[in-house]
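Trainee: build me a structure from this.
(2 chains)
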Number of protein chains: 2
Amino acid sequence: MSGSASSAVTPRALSRRSRGVRGSAIRDLLTLTARSDVISLAGGLPAPEFIPGDRIAEQARAALAVPGSVQYAETTGLRELRGVLAHRESGRIGRPVDQADIVVTHGSQQALSLSAQVLLDPGDTVVVEAPAYTGALQAFQAAQARVHTVPLDDEGMVTEELRRLLESGLRPAVVHTVSNFHNPRGVVLGESRRHELAALAERYGFWVIEDDPYGDLWFDAAPPPPVAALSDRVLRLSSASKILAPALRVGWLHGDREVCRAVELLKQGADLCGSALTHRIAAGLLADDAWMTAHVDALRSGYGSRARALVGALDDAFGDTLTLSDVRGGMFCWASVAGSAGAETDTARLLDSALVEGVAFVPGAAFGTGEQDLSSSMRLCFATYGEDVLTEAVARLRRAVDRHG
Amino acid sequence: MSGSASSAVTPRALSRRSRGVRGSAIRDLLTLTARSDVISLAGGLPAPEFIPGDRIAEQARAALAVPGSVQYAETTGLRELRGVLAHRESGRIGRPVDQADIVVTHGSQQALSLSAQVLLDPGDTVVVEAPAYTGALQAFQAAQARVHTVPLDDEGMVTEELRRLLESGLRPAVVHTVSNFHNPRGVVLGESRRHELAALAERYGFWVIEDDPYGDLWFDAAPPPPVAALSDRVLRLSSASKILAPALRVGWLHGDREVCRAVELLKQGADLCGSALTHRIAAGLLADDAWMTAHVDALRSGYGSRARALVGALDDAFGDTLTLSDVRGGMFCWASVAGSAGAETDTARLLDSALVEGVAFVPGAAFGTGEQDLSSSMRLCFATYGEDVLTEAVARLRRAVDRHG
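Mentor: Modelled structure (predicted):
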């Protein structure tokens, strides 16, 4: 080491921004629950057997035969992929989407974090749902925003409550919603509420970030048209992680062109560009309409069966003592300890007993901002394991609750 | 659209941060010069024929046979890759690097942008070299830092000038250097200056970001040991983009554990994790010592031959009227119009004539902060094309200069 110890100055502290960011309890749990003896319902991991590995390998071979697949890509994403996504999103929102209004991001998490940086100055107000997607909380904390919450009920964000906050003077720059099969709450934003949210965005001049990685994974009926179909004040985010594979790291943002251009500029500085290789793999798969239709049908059926297995086992094991979300799609069931037992339950502490029994979940508090008491709830992912393993997981959870007392 | 036009409120403006970020002239040029009739010496693109496409395809096949390669990865990067990188970096800096002190990032640009966010509060001072790597300027602008410059000469950053600034009271939080085969200036930081920089970092308590994507690409002699070998106040950044393939999007950061942990937390919010697929491909190639040695030897020889071809053709065509950097490695030659003609030359305007003739370069001003006059210089990349094409590019450049008058 250079310099004498006596003259050395302690390096300065890390930035306020980095000191203000809370780690993701879920990412930490992923490490904790990598133990092979733990059945982890904590992560939001797609089922390995539902990820089309053979098709990805085939597309990788085809992609690597195309010059340019190993080179730097355009910052907004491989042109072919943006073309496929423009077609896809046009169908979703019912009007033509220009590929200039799409930015491919490193998973939809990057779309969220870059949008937050584009739309928010430190101290600006953002509204999230309660409970909230933890990745959104992290992105908004990193942007040093002031976070307010609006509760969810069985029809998603309670837009009446949002309206009341706006009428009483709250002026958010951004309202974030997971409109379909909410993470962690499982619910779908009702159609009239989508209209209400769009109308409020136009009346009060805020941006809606509609975060929709799960919309394709419905079990019985497709969700209503996206909020983005109802207003151009909406930035719509989605992802290939849940329908193809997380390792492609392909998410996207579409909406207002000026916002997309600003996201592109920040992405230049953030990481230059995505992977031309994984973009080409994703483009090849998403463009194959017949295969995609069959593949997503299989996901709906497979995940639907797992959801029913988990809910059935929980009903059998816990009856009325556990209140479950009405699981209609996505990957998560939200379970709350009912009645007076709920008031006495801290799922963060229950997790210790659960780990002893060999099962993991995410305690409700991980999805909070501290404004609400989520301590009697937990998020259970039904996507990762088959029905038999889910049944065993519930048996372990039952033993954990008994042990916990 | 919901809401009546009369009641609609204009959406709020974009954030100050996003309004303050300048686009990369180089990324814009990449789009401009994608024309097939233009020989572009503007991008820093590796030669397609030097990218080991077959080995990447082979590793992709092997990777896709391993469970987990299509799933979410740990935020700090695939464990196998961190292990290979720890071994590699230990060899570079001459002391053991723990894999806990490495974060794999989405190219080294992400390492730069996340480090900037971790180390800098808005208004903090950062020192860059003049001319500077444009990606560093973007990352520091996005962090809303105050940017000062220290000039480069043939031995890299003039550390005497940095010392003078420090003695006169400048207190940077970060000093950024491209220590080996500087982008855009081509120079290598001299050994005694490395010691001086490390000593200044310890004396004045700033962090050095040592950005080293080109260090392996030396032609005649390896550069001196990294600054990171001399002080633990150094965060060392490197990349697989120039030695393997940009599309892997594999860069890395190693150094102080607290900084690495903070980078990990911000990366959770920025994009959750990298691609387990491309991480595994990179790990497989970087771990194959015999193949890597032969491969990097071939790169050195191939790029060295191209560098000599470009420099030789420029000497023949321009003689003393163009001053060239002493090209000893990397991918770039820095050329400045000499003498009184230099004072009258604006390479940004020369570029228009060059594009008419079918050749492109990056005007010097793109690498400036406005403090220095770089308008008589240009960056020429010799890596992308073979010797014959480089010779033709110089003939076009000669015609462009004649046309420009």
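
Trainee: need the three-state assignment for residue A:171.
Mentor: coil (DSSP: H, G, I helix; E, B strand; the rest coil).

Trainee: is it correct that residue A:338 is in contact with residue A:324?
Mentor: No. Contact criterion Cβ atoms under 8 Å: residue A:338 and residue A:324 do not qualify, at 9.8 Å. The way it works is simple: take the backbone N, C-alpha and C, and place the C-beta from them, glycine included.

Trainee: list the buried ones in the longest helix along chain A?
Mentor: Longest helix in chain A by number of residues (criterion: DSSP state H): helix A:289-318. Residues of helix A:289-318 classed as buried by neighbour count (16 or more other Cβ atoms under 10 Å in any protein chain shown): A:292, A:295, A:299-300, A:302-304, A:306-307, A:309-311, A:313-314, A:317-318.

Trainee: where along the stretch 51-200 of chain A do the strands fall?
Mentor: A:102-105, A:125-130, A:146-153, A:156-157, A:174-177 (DSSP state E, counting those that start in this stretch).

Trainee: how about these in a markdown table, adding distance to residue A:263, mean neighbour count and mean pLDDT?
Mentor: As requested, the strands of the stretch 51-200 of chain A are exported to a markdown table (distance: least, Cβ to Cβ, whole Å; neighbours: other Cβ atoms under 10 Å in any protein chain shown; pLDDT from 0 to 100):
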| stretch | distance to residue A:263 | mean neighbour count | mean pLDDT |
| --- | --- | --- | --- |
| strand A:102-105 | 5 | 28 | 98 |
| strand A:125-130 | 17 | 24 | 97 |
| strand A:146-153 | 21 | 18 | 96 |
| strand A:156-157 | 24 | 26 | 98 |
| strand A:174-177 | 14 | 27 | 98 |
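
Trainee: thinking again about what came up before, distance between the longest helix of chain A and the chain's centre?
Mentor: What separates the centre of helix A:289-318 from the centre of its chain is 18 Å, taken as Cα atoms, centre = their mean, to the nearest Å.

Trainee: for stretch A:76-84, same thing?
Mentor: Chain-centre distance of stretch A:76-84: 22 Å, with Cα atoms, centre = their mean.

Trainee: and if you look at stretch A:105-118?
Mentor: Computed by Cα atoms, centre = their mean, the separation of stretch A:105-118 from the middle of its chain amounts to 12 Å.

Trainee: can I get the CA coordinates of that stretch in PDB?
Mentor: Output of stretch A:105-118 as PDB, limited to C-alpha atoms (Å, rounded to 0.1, in the frame of the first residue of the first chain):
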ATOM      1  CA  THR A 105     -34.600  -3.400 -21.000                       C
ATOM      2  CA  HIS A 106     -32.600  -5.800 -18.900                       C
ATOM      3  CA  GLY A 107     -35.700  -7.400 -17.400                       C
ATOM      4  CA  SER A 108     -38.700  -5.200 -16.600                       C
ATOM      5  CA  GLN A 109     -36.900  -4.300 -13.400                       C
ATOM      6  CA  GLN A 110     -34.600  -2.100 -15.400                       C
ATOM      7  CA  ALA A 111     -37.600  -0.500 -17.200                       C
ATOM      8  CA  LEU A 112     -38.900   0.300 -13.700                       C
ATOM      9  CA  SER A 113     -35.700   1.700 -12.400                       C
ATOM     10  CA  LEU A 114     -34.900   3.800 -15.500                       C
ATOM     11  CA  SER A 115     -38.500   5.100 -15.600                       C
ATOM     12  CA  ALA A 116     -38.200   6.100 -12.000                       C
ATOM     13  CA  GLN A 117     -35.000   8.000 -12.800                       C
ATOM     14  CA  VAL A 118     -36.600   9.700 -15.800                       C
END
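
Trainee: mind checking what helix or strand follows the least confident helix or strand in chain A by mean pLDDT in sequence?
Mentor: Among the helical and strand segments of chain A, the one scoring lowest on mean pLDDT, DSSP states H and E is helix A:25-32, with a mean of 68. Tracing the chain C-terminally past helix A:25-32 and defining elements by DSSP states H and E, one meets strand A:39-40 next.

Trainee: all helices of the stretch 1-150 of chain A, in order?
Mentor: A:16-20, A:25-32, A:53-64, A:79-93, A:107-119, A:134-142 (DSSP state H, counting those that start in this stretch).

Trainee: give me the helices and strands touching the fourth one, please.
Mentor: Contacting helix A:79-93 under the criterion 3 or more Cβ pairs under 8 Å, 6 or more residues apart in numbering or on different chains; DSSP states H and E are the following elements: strand A:102-105, strand A:234-239, strand A:251-254, helix A:276-286.

Trainee: on that earlier part again, so which of the strands of the stretch 51-200 of chain A comes closest to chain B?
Mentor: Among the strands of the stretch 51-200 of chain A, the nearest to chain B by Cβ to the nearest Cβ is strand A:102-105 (7.6 Å).

Trainee: so how far is the closest one off the chain centroid?
Mentor: Here the centre of strand A:102-105 is set off from its chain's centre by 16 Å, with Cα atoms, centre = their mean.

Trainee: what helices or strands is that strand leaning on?
Mentor: helix A:79-93, helix A:107-119, strand A:251-254, helix A:257-271.

Trainee: quick check: mean pLDDT of the last one?
Mentor: To tie it back to what came earlier, the one meant is helix A:257-271. For helix A:257-271, the mean pLDDT works out to 95.

Trainee: is chain B contacted by that helix?
Mentor: Yes. Residues of helix A:257-271 contacting chain B under Cβ under 8 Å from any Cβ of the partner chain: A:258, A:259, A:262, A:265, A:266, A:268, A:269, A:270, A:271.

Trainee: for those, which one is nearest residue A:225?
Mentor: residue A:259 (21.0 Å; Cβ to Cβ).
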